[in-house]
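Visitor: Give me the fold of what follows.
(chains A and B)
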Amino acid sequence: DAGVIQSPRHEVTEMGQEVTLRCKPISGHDYLFWYRQTMMRGLELLIYFNNNVPIDDSGMPEDRFSAKMPNASFSTLKIQPSEPRDSAVYFCASSLASQYDTQYFGPGTRLTVL
Amino acid sequence: RKEVEQDPGPFNVPEGATVAFNCTYSNSASQSFFWYRQDCRKEPKLLMSVYSSGNEDGRFTAQLNRASQYISLLIRDSKLSDSATYLCVVAQGTGGFKTIFGAGTRLFVKA
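Guide: Next comes the predicted model:
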């Protein structure tokens, strides 16, 4: 079975531009998570969804960040406008039936904002 | 105090050595515990869940001490392929669900 799929794998953009990251969770998984990883702050949970509904977005750093999950097989994380401090690796993960279950991570999107 | 704390290492050990990592967490209401492994420039992958009774998977043993709020991971007979960063993960549901990752402990196993 395919794992969590993320695109693009790498993104380089200029400050002020809109960035959209995409994620396809494992089929049948009810929970989807977005994380950000930096050297300084490690892995941080940004937001998570249950059955396509956002449950907790308290980790989203600012209003410039937004996430959607229009259906069970697709989610986006959008940054508008992007800033250099948003440079990080963004991971999407999914879990089967509970937020306490094992989370399976995608390969990540390495974002560089110049 | 950080919610989940790990010794960052690095731990440099020879092949065949036994190495142990500890992790402490601050919220006594934490509900689930895991060890994840992350290779350089790769995504985290589950190594093992941690149960109250302790659990073993081949060369790996994980233990949970709720009274002292720490989790441990023991690796026996280290292999070169064990070189990675090991992340302690705590999931808690009080005040809203959170998955908190430790900063990770780097392990280098050398021939």
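Visitor: which regions of chain B lie under the pLDDT threshold?
Guide: B:94-96 (pLDDT under 70).
Visitor: What about residue 19, how many residues nearby?
Guide: Picking chain A for this. 21 (other CB atoms under 10 Å in any protein chain shown). Every residue, glycine included, has its C-beta placed from N, CA and C.
Visitor: should've been chain B
Guide: 18.
Visitor: gap between it and residue A:39?
Guide: 23 Å (CB to CB, to the nearest Å).
Visitor: same check, this time on residue A:5
Guide: Noted for residue A:5: a distance of 25 Å to residue A:39, by CB to CB.
Visitor: Who has more neighbours out of those two?
Guide: Set side by side, residue A:5 and residue A:39 show more neighbours around residue A:5, with 15 against 8, by other CB under 10 Å.
Visitor: Residue B:63: what's it in contact with?
Guide: B:50, B:54, B:71-72, B:74 (CB atoms under 8 Å, 6 or more residues apart in numbering or on different chains).
Visitor: Present these as CSV; the columns should include distance to residue A:95, neighbour count and secondary structure.
Guide: Below are the contacts of residue B:63 laid out as CSV (distance: CB to CB, whole Å; neighbours: other CB atoms under 10 Å in any protein chain shown; DSSP: H, G, I helix; E, B strand; the rest coil):
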residue, distance to residue A:95, neighbour count, secondary structure
B:50, 16, 22, coil
B:54, 23, 13, coil
B:71, 19, 26, strand
B:72, 24, 17, strand
B:74, 26, 15, strand
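Visitor: and of these, the nearest to residue A:53?
Guide: residue B:50 (29.2 Å; CB to CB).
Visitor: thought that closest one was touching residue B:33?
Guide: Yes: here residue B:50 lies in contact with residue B:33, judged by CB atoms under 8 Å, at a distance of 3.9 Å.
Visitor: Common neighbours of these two, please.
Guide: Shared contacts of residue B:50 and residue B:33, defined by CB under 8 Å, 6+ apart, comprise B:64, B:71.
Visitor: quick one: residue B:71 from residue A:105, how far?
Guide: 20 Å.
Visitor: try residue B:15
Guide: Distance of residue B:15 to residue A:105, given as CB to CB: 28 Å.
Visitor: The two: who's more crowded?
Guide: residue A:105 (22 against 12).
Visitor: ok, residue A:84 - contacts?
Guide: Residue A:84 touches A:15, A:113-114, counting by CB under 8 Å, 6+ apart.
Visitor: If we use 10 Å, what do you get?
Guide: Residue A:84 makes contacts with A:14-15, A:112-114, as judged by CB atoms under 10 Å, 6 or more residues apart in numbering or on different chains.
Visitor: By neighbours, which of the residues you listed wins?
Guide: Compared across the contacts of residue A:84, residue A:113 has the highest neighbour count, 20 neighbours, by other CB under 10 Å.
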